[in-house]
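Q: Just to be clear, the model below is a prediction. Sequence and coordinates:
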Amino acid sequence: MNEMPAYPLRALSIGEIFDRAVTIYVKNFVLFTAIVLTVLAPYAVAQYALFSGQGGFEQIFTQAQHPNVPVPTLPPGALVGIVSLAFLAVLLAPFASNAVAVGVAEAYSGRASGYAAAYKRVLRRAFPLLLTLITSGLILLGTYMGLGIVVVIVAMIGVAFVKPFLPLAVLIFAIAVACFLALIVALIMLVMMSTFATYATVLENADVGQAIQSAFRRIFSRPEFTKAFLMALAYLAIEFGVMVLAGSLAFAVLMFMHNLGLQLVFSTILNAVLTAFITVLLAVYYFDVRTRTEGLDLEVDLGQLVSNP
């Protein structure tokens, strides 16, 4: 007989998704924060090594206090380092995100999850995970470029009709605005789809094609689209809030302490805590979508959510 899950798999409202995410996050705070710190801590160390010798953020602080003091520009090597760090962070972030999702799956089943076990599960799927990430990124880039070109062309047509026929120009500009909004919606939804695709790669042992296809079906289905869009907006709003809060507090630490190392430690820990929560939120929503679209219910053995390798 199957064990009853710790958290019943039933359809949840957006408010209930947030409530469950908070509950799971608080009970596993140390685990999820440590998982995210695995990616953020080395990134912070690399930032310190890169910026401490060049002045880095301290240059910005000096310039803010003394606008007339010239600030030397970073050498090309440092700029390459900054770009490389950002690219590496993008590649490593899904590993932490999926390790958190594994922990959420274990929490659903009532089993205690461990740091090593979560990452072990993800690393076994490292290659297909990276392929899924790259493929999703190419889809995102192609969509952005395609719709972006449409917006530019429509706007240029509108400009051409401003003098000869203004009413038509206004209509065309309205269409351009609508196309731009469609671009924003598409990008938001594709980011959510990309996250779900990486979860499917790890949690369901799906290959790249299956992962992206299942994520597309789950996100862009007619019954799910509105809720997925609202969740994506909520995720982006929280993400933006995290960036603003962490950046503002980190700058305050740098301003009063004048210590780049302390600033990086503070911002890294704060980012880890907040990022862990929004990752748990996405994982809870992922299981909610599967519950409603694939019929997962109270009788399902949650051990199957983390398939055997």
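A: Happy to help now that I have it. Values in this document were obtained by computation on a predicted structure and should not be read as measured data. Residues are numbered from 1 along each chain as shown.
Q: Looking at this structure, which helix is longest?
A: helix 166-203 (DSSP state H).
Q: what's the angle from the next helix-or-strand element following that one to helix 166-203?
A: Scanning forward in sequence from helix 166-203 by DSSP states H and E, the next helix or strand is helix 208-220. Helix 208-220 runs at 130 degrees relative to helix 166-203, counting by axes from the mean of the first three to the mean of the last three C-alpha atoms, to 10 degrees.
Q: Quick one: mean pLDDT over helix 208-220.
A: For helix 208-220, mean pLDDT is 90.
Q: Pull out the buried residues from it.
A: 208, 210-212, 214-216, 218-219 (16 or more other C-beta atoms under 10 Å). The C-beta positions use only the backbone N, C-alpha and C, and glycine is treated the same way.
Q: Between helix 166-203 and the next helix or strand after it, find me the angle.
A: Scanning forward in sequence from helix 208-220 by DSSP H and E, the next helix or strand is helix 225-257. Counting by the same axes, to 10 degrees, helix 225-257 lies at 80 degrees to helix 166-203.
Q: tell me the SS of Leu12?
A: coil (DSSP: H, G, I helix; E, B strand; the rest coil).
Q: Where does the prediction get shaky in the stretch 1-150 of the chain?
A: 1-6, 50-82, 112 (pLDDT under 70).
Q: Please repeat the previous calculation with a cut-off of 50.
A: Scanning the stretch 1-150 of the chain for pLDDT under 50 picks out the ranges 1-4, 56, 64, 69.
Q: quick one, strands of it?
A: In the stretch 1-150 of the chain, no strands are defined using DSSP state E, counting those that start in this stretch.
Q: Burial check on Thr226, number of neighbours?
A: 9 (other C-beta atoms under 10 Å).
Q: Tabulate the buried residues of helix 208-220 (CSV), appending distance to Lys227.
A: Shown next, in CSV, are those (distance: C-beta to C-beta, whole Å):
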residue, distance to Lys227
Val208, 26
Gln210, 23
Ala211, 21
Ile212, 20
Ser214, 17
Ala215, 15
Phe216, 16
Arg218, 11
Ile219, 10
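Q: which one among these gets closest to Ala49?
A: Ala49 has its nearest neighbour among the buried residues of helix 208-220 in Val208, at 34.6 Å by C-beta to C-beta.
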